[in-house]
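A.B. asks: Below: sequence and its predicted model.
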Amino acid sequence: MNTLSHSLDQVVTANYSGPTLTIDTQKITKQVALFKYALPNVTPHYAVKANPLPEVLRHLHSLGVGFEIASQGELSLLQSLGIPAHKIIFSNPIKTPASIIAAVDYGVKYFAFDNPEELIKLHQLAPEAQYELRISTNGKGSVWPLTKKFGVDVKQAIKLIGVAHHNQIKISALTFHVGSQCTQSQAWLTALKDCEKIIQYMNKRSMRLNMLNIGGGFPCALHSHGQSFKELMNPVRSALKLFKQKTNVEVCAEPGRFLVASSGTLACQIISTTQKNHQPWAFLDCGYYNGLMELTEDFGYQLRSKRTGENIPWTIAGPTCDSVDCFTPKYHLPKNSQAGDVITIDNMGAYAHTCVSNFNGFDGPSILIKH
Ligand SMILES: Cc1ncc(COP(=O)(O)O)c(C=O)c1O
C-alpha cells in the first residue's frame with residue numbers, strides 16, 4: 001500500500017491510476033473536538049481497528065486521544081509509535097495468551113472479558129490488571145449490531161461477578177458496545193441502566209468499580225437522522241452526569257468510526273456497465289474485498305460522479321469473480337454513467353482499507369494523506 005502526498009483533485013481527473021483513499025487529518029481533528037464538546041467528561045480511546053494507518057494513529061495521539069486494541073498486532077503497532085501503555089485499553093473479550101502476556105509486559109492495565117474462562121485466564125496471566133466486564137446490548141438503532149458475539153445480560157453479569165467475588169477476583173470496570181453507526185441515544189441510555197443495576201448489586205456487597213467504558217458506535221454523518229451529534233448525545237451526556245454524581249466512577253469510550261470516517265474519500269472507477277433483466281449494473285474496480293465491504297449494508301453511502309443528468313438506482317458490483325462482491329442496496333448514479341467514469345465516496349475513513357484482502361489479485365486502494 002503506497003502512502004503518497006497528493007490532493008484529491010489529482011485523483012478525480014484524467015490521471016486516474018487505480019482506487020485511492022485520501023485521508024484528511026484535519027477532519028480527524030474536527031471530529032475529536034466535536035466528541036469532546038458533546039461528551040466533555042468522557043475520555044476517548046480510539047478503536048484502532050477502524051483505521052490503523054500510522055499517520056492516523058500519530059495524529060490522534062498528538063490530540064491526546066487514547067487507544068483501544070483487539071490484538072497483539074494492534075499492540076505492536078502502538079508500541080512502534082511510542083504510545084504509552086497507560087493510553088491503551090485491551091477491549092477484545094477473547095484474547096490469546098500471548099497477547100495478554102505482551103500487553104502485561106508493556107504495562108497495559110485494562111482487559112475486557114465476558115465469560116468465566118477468560119476471567120480465569122486473565123487472573124492467571126495478568127493478576128495485577130483491571131478486569132472490564134462486557135455487557136450485551138440489543139443493537140437497536142445501529143446499522144452494524146454487535147449483539148451476537150460478545151457480552152452478557154444483567155443476570156449473567158451478576159452471576160459472573162459472584163463467581164469472581166467468591167474467588168477474590170476484583171472486577172474494576174463495565175463496558176458495552178451499542179453497535180456501529182448507532183443513531184438512537186436510547187441505545188446508550190438502556191445500556192447505562194443495565195450497568196447501574198449491576199453497580200447497585202456490587203455496591204451492596206462493598207464492591208467498587210473504577211471505570212465505565214461506554215464503547216463505540218457513535219455515528220458519522222452518513223444517515224440524516226435529523227439530529228446533530230451534539231443533539232444525539234445530549235441525553236447521554238445528562239445521564240452520564242447523573243451517573244458520575246451517583247457512582248463517582250470515571251467514564252471512557254472507544255469511538256472508532258466517528259473519529260475517522262469523515263476524513264476518508266475513496267476514488268474508484270467504473271470498469272464496465274451493462275443491463276441485467278432490464279436493470280442497470282455498474283462494475284467498479286473496488287468492491288467487497290478491496291475497500292467497499294460496508295456497501296453490503298444500508299449505511300447511507302453515496303456514490304458521486306462528475307456526470308450530470310438524471311440519477312437512477314444501479315446495482316453496484318466489485319471486480320472479483322465472487323458473487324458476494326455485489327451489493328444488495330441500490331446506489332444512485334447518473335443514468336448516462338459509463339466505463340471509465342471516476343466515482344468518489346465520502347465517509348470512507350473507517351473500515352474501508354482495514355478490511356481489504358487482495359482476493360483474486362485486486363489490491364486495496366492506495367493511500368494519500370492530506371495534512
Ligand atoms: C470493543 C470495540 N470497541 C470499539 C469499537 C469501535 O466501534 P465504532 O467504530 O462503531 O465506534 C469496536 C468495533 O467493532 C469494538 O469491537
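C.D. replies: Received it, and whenever you're ready, just let me know what you need.

A.B. asks: all contacts plus neighbour counts: C-alpha atoms, from now on.
C.D. replies: OK.

A.B. asks: biggest strand in the protein, by residue count?
C.D. replies: strand 264-276 (DSSP state E).

A.B. asks: Packing partners of the next helix or strand after that strand?
C.D. replies: Following strand 264-276 in sequence order, the next helix or strand is strand 279-284 (DSSP states H and E). Helices and strands touching strand 279-284, by 3 or more CA pairs under 8 Å, 6 or more residues apart in numbering; DSSP states H and E, are strand 264-276, strand 311-317.

A.B. asks: Around the ligand, which positions in the stretch 101-250 of the chain sit nearby?
C.D. replies: 180, 181, 215, 216, 217, 218 (CA under 6 Å from any ligand atom).

A.B. asks: does the fifth one count as helix, strand or coil?
C.D. replies: Meaning residue 217. Three-state assignment for residue 217 (DSSP: H, G, I helix; E, B strand; the rest coil): coil.

A.B. asks: Can you pull the phi and psi angles for the closest residue to it other than its chain neighbours?
C.D. replies: If the residues on either side of it in the chain are set aside, residue 217 comes closest to residue 180, at 4.0 Å by CA to CA, 6 or more residues apart in numbering. As for residue 180, its main-chain torsions (degrees, to the nearest 10) stand at phi -80, psi 150.

A.B. asks: Any idea what residue 180 is bridged to?
C.D. replies: residue 144 (DSSP bridges).

A.B. asks: Tell me, what's the model's pLDDT at it?
C.D. replies: On the pLDDT scale, residue 180 is placed at 94.

A.B. asks: Next, count neighbours for residue 169.
C.D. replies: 17 (other CA atoms under 10 Å).

A.B. asks: for the nearest residue to it once chain neighbours are set aside, helix, strand, or coil?
C.D. replies: Closest residue to residue 169 apart from its sequence neighbours, by CA to CA, 6+ apart: residue 123 at 7.4 Å. State at residue 123, reduced to three classes by three-state DSSP: helix.

A.B. asks: ok, residue 123 to the ligand distance?
C.D. replies: 20 Å (CA to the nearest ligand atom, to the nearest Å).

A.B. asks: Is that residue in contact with residue 167, as I believe?
C.D. replies: No. Counting by CA atoms under 8 Å, residue 123 stays clear of residue 167, with 10.1 Å between them.

A.B. asks: Give me the phi and psi for the residue nearest in space to the middle of the chain.
C.D. replies: When CA atoms, centre = their mean is applied to the chain, the residue found nearest the centroid is residue 256 (3.5 Å). Backbone dihedrals for residue 256, given as degrees, to the nearest 10, come out at phi -110, psi -80.

A.B. asks: Number of residues surrounding residue 144?
C.D. replies: 18.

A.B. asks: er, residue 246 actually
C.D. replies: Neighbours of residue 246 using other CA under 10 Å come to 10.

A.B. asks: tell me what the helix or strand hosting residue 343 is packed against?
C.D. replies: Per DSSP H and E: residue 343 is located in strand 342-345. Under the contact definition 3+ CA pairs under 8 Å, 6+ apart, strand 342-345 sits against strand 264-276, strand 303-305.

A.B. asks: Pull up the pairing partners for it, direction included.
C.D. replies: strand 264-276 (antiparallel), strand 303-305 (antiparallel).

A.B. asks: So what touches the longest one?
C.D. replies: Meaning strand 264-276. 11-12, 18-24, 280-286, 319, 337-350, 365 (CA atoms under 8 Å, 6 or more residues apart in numbering).

A.B. asks: Just the buried residues of those.
C.D. replies: When neighbours are counted using 16 or more other CA atoms under 10 Å, the contacts of strand 264-276 contain these buried positions: 11-12, 18-24, 280-286, 319, 337-338, 341-350, 365.

A.B. asks: distance between stretch 314-324 and the chain's centre?
C.D. replies: Distance of stretch 314-324 from its chain centroid, counting by CA atoms, centre = their mean, to the nearest Å, is 25 Å.

A.B. asks: mind saving the C-alpha coords of it as PDB?
C.D. replies: Below are the C-alpha coordinates for stretch 314-324, written out as PDB (Å, rounded to 0.1, in the frame of the first residue of the first chain):
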ATOM      1  CA  TRP A 314     -27.900   1.000 -10.100                       C
ATOM      2  CA  THR A 315     -26.800  -2.400  -8.900                       C
ATOM      3  CA  ILE A 316     -23.100  -2.000  -7.900                       C
ATOM      4  CA  ALA A 317     -20.600  -4.800  -8.100                       C
ATOM      5  CA  GLY A 318     -16.900  -5.100  -7.400                       C
ATOM      6  CA  PRO A 319     -14.200  -6.500  -9.700                       C
ATOM      7  CA  THR A 320     -13.800 -10.100  -8.400                       C
ATOM      8  CA  CYS A 321     -15.400 -13.400  -9.500                       C
ATOM      9  CA  ASP A 322     -17.300 -13.900  -6.300                       C
ATOM     10  CA  SER A 323     -21.000 -13.200  -6.200                       C
ATOM     11  CA  VAL A 324     -20.600 -11.800  -2.600                       C
END
